[in-house]
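Visitor: Prediction below, plus the sequence it came from.
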Amino acid sequence: MRVGEEGKITVFLLDDHEVVRRGVHELLALEPDIDVVGEAGTAADALARIPAARPDVAVLDVRLPDGSGVEVCREIRSRDESIKCLMLTSYADDEALFDAIMAGASGYVLKAIRGTELLTAVRDVAAGKSLLDPDATRRVLDRLRGGGDQAAGDDRLERLTEQERRILGLIGDGLTNRAIGQELSLAEKTIKNYVSSLLAKLGMERRSQAAAYVARRQAERGR
């Protein structure tokens, strides 16, 4: 765990509702072992501020006016895996939970959580613990992986070009379009076009479904 100068857990807050953000800030700031090092109300602002703040934990609202806290999590962790992400949301959404898992989040909690429970969650995530419930995680993975047998999956994979297969594998590794572009020395817009094409060929609508497909195939090969 990386800590602040005085041995405190450093935390960054992202929430588009100022009242919620201020309330969480005040709750955390009262704790002697926690130091709030920054906050933002939009995804763009968070992506600009978090790398410089280098917090131990980023508490991220899932739904934002200009994007998603899940995308912020994925992007931040692609740059610095030492930053732990705790997703905070008003809605129990299985697909958002799955997206958070694939983005590398350490925890996913509802805003209805009690203050003491949120403090415990921040400390646990900073200590490297996962707050993702195994049963919920398994249920989401099973639901989004499901559909079609292995042969059908192999048939769909055959439709992809070599470059699309390479990009699919990198999606499975949790990389963003920007990170994939850097890996393959291609423009982010080009990667976006490749992703749209491979999703269409696989009969999928979401990146999370493609990532789950890769995870399932890897699990099958590991048996």
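Guide: Looks like it came in fine.
Visitor: Can you pull the phi/psi pair for residue 127?
Guide: phi -80, psi 0 (degrees, to the nearest 10).
Visitor: Compute the number of surrounding residues for it.
Guide: 13 (other Cβ atoms under 10 Å). In this view, the C-beta of every residue, glycine as well, is placed from N, C-alpha and C.
Visitor: Check what pLDDT it gets.
Guide: Residue 127 is assigned a pLDDT of 93 by the prediction.
Visitor: Checking the residue lying closest to residue 204 once chain neighbours are set aside next. Helix, strand or coil?
Guide: Of all residues not flanking residue 204 in the chain, residue 210 sits nearest, at 5.6 Å (Cβ to Cβ, 6 or more residues apart in numbering). Under the three-state scheme (DSSP: H, G, I helix; E, B strand; the rest coil), the conformation of residue 210 reads as helix.
Visitor: just checking, residue 210 touches residue 172?
Guide: Yes. Residue 210 is within contact range of residue 172, at 7.4 Å (criterion: Cβ atoms under 8 Å).
Visitor: now the strands for this structure?
Guide: 9-14, 34-40, 57-61, 63-64, 67-68, 84-89, 107-110 (DSSP state E).
Visitor: Tell me which of these sits most buried.
Guide: Highest mean neighbour count of the strands of the chain: strand 57-61, a mean of 28 (counted as mean count of other Cβ atoms under 10 Å).
Visitor: What are the contacting residues of that one?
Guide: 9-17, 20, 24, 46, 50, 69-70, 72-73, 76, 83-89, 105, 122, 125-126 (Cβ atoms under 8 Å, 6 or more residues apart in numbering).
Visitor: Now for the protein, the helix or strand with the poorest mean pLDDT.
Guide: In the chain, no helix or strand scores lower on mean pLDDT, DSSP states H and E than helix 150-158, which sits at a mean of 58.
Visitor: Could you find the closest non-adjacent residue to the one residue sitting closest to the centre of the chain?
Guide: In the chain, the centroid-proximal residue (Cα atoms, centre = their mean) is residue 103; its distance is 2.7 Å. The shortest distance from residue 103 to any residue other than its chain neighbours is 3.8 Å, reached at residue 74 (Cβ to Cβ, 6+ apart).
Visitor: Does that neighbour touch residue 174 like I think?
Guide: Yes. Counting by Cβ under 8 Å, residue 74 does reach residue 174; the two are 6.6 Å apart.
Visitor: ok, back up a step: now do the contacts for the residue nearest to residue 204.
Guide: Residues counted as contacts of residue 210 (Cβ under 8 Å, 6+ apart) are 168, 171, 172, 195, 198, 199, 202, 204.
Visitor: Narrow these to those in helices?
Guide: In helices, defined here by DSSP state H, the members of the contacts of residue 210 are 168, 171, 172, 195, 198, 199, 202.
Visitor: what number of residues lie near the fifth one?
Guide: If I follow you right, that is residue 198. 22.
Visitor: Narrow the contacts of residue 210 to just the buried residues.
Guide: Neighbour-count burial (16 or more other Cβ atoms under 10 Å) is assigned, among these, to 168, 171, 172, 195, 198, 199, 202, 204.
Visitor: Extract the residue ranges of this structure that are flagged as low pLDDT.
Guide: The chain contains residues with pLDDT under 70 at 1-6, 92-95, 133-155, 220-223.
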